[in-house]
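Asks: Need coordinates for the below:
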Amino acid sequence: MADRYNVPNLAPGEVHRAEQTIHRSRFIVTMARVSSPEEAKAFIDSVRQEHSQATHNCWAFVAGTPGSTAHVGASDDGEPKGTAGRPMLTVLLHCGVGEIAAVVTRYFGGILLGTGGLVRAYQGLVKLGLETLPMTVRVPCDRLKLTLEHSFVNIALREFENHQAKILEKEFAMDATFTVSVPQTQSENLIDELTQKTSGGLLIEKLQG
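Replies: Presented below is the predicted three-dimensional model:
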């Protein structure tokens, strides 16, 4: 399983921003935490929609462990090839932070920066955003699907809280079913406690991903 590593301390839908004016062009970097290419693309689309009048919305993301190229992407969005997306991605790959996406929005101010100036500007904005980006440590988690009788729901909820388990989904039919994310260091303890307190009346499935 993946080791602990730094990620943006941002909730789903929350973003971090920094801004700089370079030769009359307004540059805005928007950052978010993303754990998949799909999440990254949804975030990028939201920024592009917000800044639909901008000249460019260039982007890059690393949707995995720091430095890993397994789930990455980048776009120059109309800037000269290789002057925006790839330089931004290079910064993200070497910053020691995982699960991160950045969009640099540019409102053109009338002065051309040249290819070298563009590379410095787009890399500089990502670095500027990283300087004040709130960080936290990603704790490796297991995803568990737990099915139990309704009479044990309150016990389960208490044990979820005691073992730092986060409820991802819940369903109440003939039985109660919870899908939870629990730190790997707490996973076996949670299973043991619930098995004991439900007298074994518990179905457990460990989910992938």
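Asks: C-alpha only now, for contacts and for neighbours.
Replies: Will do.
Asks: buried sites along the biggest helix by length in the chain?
Replies: The helix that spans the most residues within the chain, counting by DSSP state H, is helix 114-132. Using 16 or more other CA atoms under 10 Å as the test for burial, helix 114-132 gives Leu118, Val119, Ala121, Tyr122, Gln123, Gly124, Leu125, Val126, Lys127, Leu128, Gly129, Leu130.
Asks: Look up the pLDDT of the closest residue to Ile22 other than its chain neighbours for me, please.
Replies: Once its chain neighbours are removed from consideration, Ile22 has its nearest residue in Ala121; the separation is 7.5 Å (CA to CA, 6 or more residues apart in numbering). The predicted local distance difference test score for Ala121 is 98.
Asks: what's the spacing between Ala121 and Glu79?
Replies: In this structure, Ala121 and Glu79 are 12 Å apart, going by CA to CA, to the nearest Å.
Asks: Show me where the chain has its strands.
Replies: 5-8, 16-22, 25-33, 56-62, 72-75, 100-107, 135-138, 141-148, 166-172, 176-183, 202-207 (DSSP state E).
Asks: Packed most tightly, which of those would that be?
Replies: The highest average neighbour count among the strands of the chain, using mean count of other CA atoms under 10 Å, belongs to strand 56-62 at a mean of 28.
Asks: just checking, what packs against that one?
Replies: Applying 3 or more CA pairs under 8 Å, 6 or more residues apart in numbering; DSSP states H and E, one finds that strand 56-62 contacts helix 37-50, strand 72-75, helix 85-93, strand 100-107.
Asks: one more time with 7 Å
Replies: The helices and strands touching strand 56-62, judged by 3 or more CA pairs under 7 Å, 6 or more residues apart in numbering; DSSP states H and E, are strand 72-75, helix 85-93, strand 100-107.
Asks: got the angle for it vs helix 37-50?
Replies: Here strand 56-62 runs at an angle of 160 degrees relative to helix 37-50 (axes from the mean of the first three to the mean of the last three CA atoms, to 10 degrees).
Asks: can you list the weak-confidence ranges in the chain?
Replies: 1-3, 209 (pLDDT under 70).
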